[in-house]
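*Asks:* curious how this folds, go ahead:
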Amino acid sequence: MIFALVLLVFLAVSLLGNFGQFVSGIVPVASVHTRVAGPKLDEVILEDNDAANKIAVIDVDGIISSSAGDQSGYNMVEVIKAQLDRAKDDSRVKAVVMRVDSPGGEVLASDEIYHALTDFQSDSGKPVVTSMGNLAASGGYYVSVASQWIEADELTITGSIGVILHTWNYRNLMNKVGIVPDVYKSGKFKDMLSGERNTNDIPPEEHAMVQALIDQTYHRFQEVVQQGRDQAHKKNKDDGKALANDWKSYADGRVLSGRQALDLGFVDQVGTFQDAVKKARQIAGIPHANLIQYQQRYDLSDVFRLFGKSQAPVIKVDLGMDAPKLEAGRLYFICPTFLH
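*Replies:* Okay, here's the model as predicted:
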C-alpha cells in the first residue's frame, strides 16, 4: 500500500509537470529554451534585483570528471556545456560568473570545459568572470584561465600548475603472500604502468615514454595559461593584471594564495563573489542584473531508473569529505595536497 501511494504521488507530480509544460506552450513567454538531448535544466533566481538583464552563475564544484555524477547519467562536462548553451541562447543573459571550488581533475575533462568556455565567449560575445572559492588549483585553475576576468579571495588556494600520473607498485606485497603473476602480452610495453612487476624489470625506455607524455601535457597547460591570460589582458587592458615575466618559475606544481597569484598575474583582482558579479556587470555594460542559475531537473523517468538498479549494499563511513574518485591510467590536473 505504501509503495502504491508513493507511485500515486510521483504520478501526480508528473501530471502537474506535463500540465505546466502544456500551459507554457500556449501562453507566450519572453524566451523559450529547448534542448533536443542532454540534461534537463530549470532556471532559478538566486538574486532578484528587479532587472531585465540577467547574469548566469555556473558552478565548477569538486573534482572535474567525465564520469556520470548522479542518477541522471550526465557528467560535469555535459552539464556545464548545457548551462552555457542556455546562457548563450537567452538574449537577456549578458554575462556568466563561474564559481570555481575545485582541486582539479581529469586532463581531458578540464580541457573540454576550457574549450566550451572559450567557444561560448567567442560565439556569444558575452564575458565570463571567474570567482575562485576555497580551492581553484591545477585543473580548477586550468578552466579558470578561459575567462576574461579572474577574481580570487585573498586566502584562495590556487596555482598547482602541473600534471600528475600516480600509480602503485605492489609486487613485493604479492611476493610476501606467494602470488606470482602470469602475463601474456603482445608487445614489450603492453603492461606499461602495471604495479605487479619487479621495479628492476621495468625498462628505462618506459620511464622515458611516460615522462614524455607528462611533459607534453604540462606544456599544453603552460600554453593554456599563457594564451588565456594574454587574451584577457588585451581585453581588460590596464584594468587587469598581466602575467609576470617569471611566471613559469612558479608553474612548478606549487600552490599559491590568492594574494600571491595576484602578484604573479595569475588572477586579476582579490575580492569576493559579489565583487566578481560587480565586475561582470561592468564588463557587460549593464547597471543592474538578476542573478540566475540553471539547475538540473529530475523527472519520473529518473526516479524509475533507480528501481532497475541491482547492486550490493554499500557501507559508507563519513570522514567529513568524499575521497577523490580517481581512475587508474588517466592523467590528472589535480592538487597533490588534496590527495593526501
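*Asks:* who touches Gly162 in this structure?
*Replies:* By Cβ atoms under 8 Å, 6 or more residues apart in numbering, Gly162 lies in contact with Ser138, Tyr218, Phe221, Ala251, Asp252, Gly253, Phe333. C-beta: built from backbone N, CA, C; applies to glycine.
*Asks:* buried only: go through those for me.
*Replies:* Among the contacts of Gly162, those buried by neighbour count (16 or more other Cβ atoms under 10 Å) are Ser138, Tyr218, Phe221, Ala251, Gly253, Phe333.
*Asks:* quickly find the element holding the closest residue to the fifth one other than its chain neighbours.
*Replies:* Take Gly253 and drop its neighbours on the chain: the residue closest to it by Cβ to Cβ, 6 or more residues apart in numbering is Gly162, 3.8 Å away. For Gly162, there is no host helix or strand (DSSP states H and E).
*Asks:* distance from the chain centre to the longest helix along the chain, please.
*Replies:* The single longest helix within the chain, with elements called by DSSP state H, is helix 204-236. Relative to the mean C-alpha coordinate of its chain, helix 204-236 is positioned 18 Å out (Cα atoms, centre = their mean, to the nearest Å).
*Asks:* make a markdown table out of the buried ones among the contacts of Gly162 and add pLDDT and distance to Asp111.
*Replies:* Below are those laid out as a markdown table (pLDDT from 0 to 100; distance: Cβ to Cβ, whole Å):
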| residue | pLDDT | distance to Asp111 |
| --- | --- | --- |
| Ser138 | 94 | 13 |
| Tyr218 | 94 | 13 |
| Phe221 | 96 | 9 |
| Ala251 | 95 | 17 |
| Gly253 | 93 | 18 |
| Phe333 | 62 | 9 |
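*Asks:* next one, pLDDT for the residue nearest to Gly240 when sequence neighbours are not counted please.
*Replies:* The spatially closest residue to Gly240, leaving aside those adjacent along the chain, is Asp268, at 4.1 Å (Cβ to Cβ, 6+ apart). Listed pLDDT for Asp268 reads 97.
*Asks:* so who does Asp268 touch?
*Replies:* Counting by Cβ under 8 Å, 6+ apart, Asp268 touches Trp149, Ile150, Glu151, Ala232, Asn236, Asp239, Gly240, Lys241, Leu262.
*Asks:* just the buried ones from those residues?
*Replies:* When neighbours are counted using 16+ other Cβ under 10 Å, the contacts of Asp268 contain these buried positions: Trp149, Ile150, Glu151, Ala232, Asn236, Gly240, Lys241, Leu262.
*Asks:* can I get the helix or strand containing the last one in CSV? Just the C-alpha atoms.
*Replies:* When elements are assigned from DSSP H and E, Leu262 belongs to helix 258-264. C-alpha atoms of helix 258-264 as CSV (Å, rounded to 0.1, in the frame of the first residue of the first chain):
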residue,chain,number,x,y,z
GLY,A,258,45.1,34.5,-3.9
ARG,A,259,47.4,37.4,-3.0
GLN,A,260,50.4,35.6,-4.4
ALA,A,261,48.5,34.7,-7.6
LEU,A,262,47.7,38.4,-8.0
ASP,A,263,51.3,39.4,-7.7
LEU,A,264,52.2,36.9,-10.5
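*Asks:* just checking, what packs against it?
*Replies:* Counting by 3 or more Cβ pairs under 8 Å, 6 or more residues apart in numbering; DSSP states H and E, the packing neighbours recorded for helix 258-264 are strand 149-152, strand 157-159, strand 269-270.
*Asks:* redo the ones you listed as CSV? Include distance to Ser91.
*Replies:* Shown next, in CSV, are those (distance: least, Cβ to Cβ, whole Å):
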stretch, distance to Ser91
strand 149-152, 22
strand 157-159, 33
strand 269-270, 28
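*Asks:* nearest to Lys81, of the ones you listed?
*Replies:* Taking Cβ to Cβ as the criterion, strand 149-152 is the member of those that comes nearest to Lys81, at 20.8 Å.
*Asks:* who are the packing partners of the closest one?
*Replies:* Counting by 3+ Cβ pairs under 8 Å, 6+ apart, strand 149-152 packs on strand 128-137, helix 204-236, helix 258-264, strand 269-270, helix 273-284.
*Asks:* could you pull out the buried residues of the longest one?
*Replies:* When you say that, I think you mean helix 204-236. If you call a residue buried by 16+ other Cβ under 10 Å, then helix 204-236 has these buried ones: Val210, Thr217, Tyr218, Phe221, Val224, Val225, Gly228, Arg229, Ala232, His233, Asn236.
*Asks:* list just the nearest of those to Val180.
*Replies:* Nearest to Val180, judged by Cβ to Cβ, of the buried residues of helix 204-236 is Val210 at 25.0 Å.
*Asks:* quick revisit: identify the farthest-apart pair in the contacts of Gly162.
*Replies:* Using Cβ to Cβ, the two most remote members of the contacts of Gly162 are Asp252 and Phe333, lying 14.0 Å apart.
*Asks:* residues in contact with the closest residue to Leu117 other than its chain neighbours?
*Replies:* Distance criterion Cβ to Cβ, 6+ apart; nearest residue to Leu117, sequence neighbours excluded, is Ala146 at 3.7 Å. Residues in contact with Ala146 (Cβ under 8 Å, 6+ apart) are Ile113, Tyr114, His115, Leu117, Thr118, Gln121, Val128, Val224, Gly228.
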